[in-house]
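Trainee: my questions are about this predicted structure, shown below with the sequence.
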Amino acid sequence: MKTGPLESGEASTGATPAKLMISGVTILEFILRILAAAGTLGSAMAIGTTEETAPPFPKSIQLNAEYSDLPMLTFFVIANSVAYAYLVLFSLYLSTTLSGEQPKTVE
């Protein structure tokens with residue numbers, strides 16, 4: 001068994017510190033993606049299920065407000081739902097399947 005430095009074409013059997021660092025970054029990236037998905041879903045649910053009742057100056061009249069009353073809030077709910085779907089379907093899936101692969105170069 002050789003104890004000297006590796007020659008060209010030989011591979012080491014142990015994990016290198018760079019490989020361990022990439023693994024830690026991959027785990028952190030996955031956790032941040034989960035937090036982003038939870039945030040977009042939570043904000044879409046918060047706006048979509050909110051109903052406000054605001055009394056104007058005379059107390060005898062009640063005004064009810066929903067997210068569908070303003071087109072801007074409707075767009076906000078739809079855009080956050082699309083962002084959540086993208087995060088869950090593509091981003092989280094790709095981060096778990098491609099985490100161990102190195103980019104391939106064309107020669």
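Mentor: Received it, and whenever you're ready, just let me know what you need.

Trainee: packing partners for the lowest-mean-pLDDT helix or strand in the chain?
Mentor: Taking mean pLDDT, DSSP states H and E as the measure, helix 92-97 is the helix or strand of the chain with the lowest mean score, a mean of 72. Other helices and strands packing on helix 92-97, by 3 or more C-beta pairs under 8 Å, 6 or more residues apart in numbering; DSSP states H and E, are helix 17-48. Every residue, glycine included, has its C-beta placed from N, CA and C.

Trainee: if we go by neighbour counts, what in stretch 31-46 is buried?
Mentor: Applying a neighbour-count criterion of 16 or more other C-beta atoms under 10 Å, one finds 33, 37, 40-41, 44 buried in stretch 31-46.

Trainee: returning to what we had before: now the least confident helix or strand of the chain: buried residues?
Mentor: When burial is assessed from 16+ other C-beta under 10 Å, helix 92-97 yields the following buried residues: 92, 95.

Trainee: equivalent analysis for stretch 69-86, please.
Mentor: Going by neighbour count (16+ other C-beta under 10 Å), the buried part of stretch 69-86 is 73, 76-77, 80, 83-84.

Trainee: for K104, give me the pLDDT.
Mentor: Reading off the confidence values, K104 has pLDDT 56.

Trainee: so where's this structure uncertain?
Mentor: For the chain, the stretches with pLDDT under 70 are 1-22, 96, 98-107.

Trainee: and T49, how many neighbours does it have?
Mentor: Neighbourhood size, T49 [other C-beta atoms under 10 Å]: 10.

Trainee: follow-up on the earlier one: in a markdown table: the buried residues of stretch 31-46, plus distance to F57.
Mentor: Converted to a markdown table, the buried residues of stretch 31-46 look like this (distance: C-beta to C-beta, whole Å):
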| residue | distance to F57 |
| --- | --- |
| R33 | 47 |
| A37 | 43 |
| T40 | 37 |
| L41 | 37 |
| A44 | 33 |
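
Trainee: farthest pair in those residues?
Mentor: Based on C-beta to C-beta, the longest span within the buried residues of stretch 31-46 runs between R33 and A44 and measures 16.8 Å.

Trainee: the helix or strand hosting F76 - contacts with which helices or strands?
Mentor: Secondary structure here is read from DSSP states H and E; on that basis F76 sits in helix 71-86. Of the remaining helices and strands, those touching helix 71-86 by 3+ C-beta pairs under 8 Å, 6+ apart are helix 17-48.
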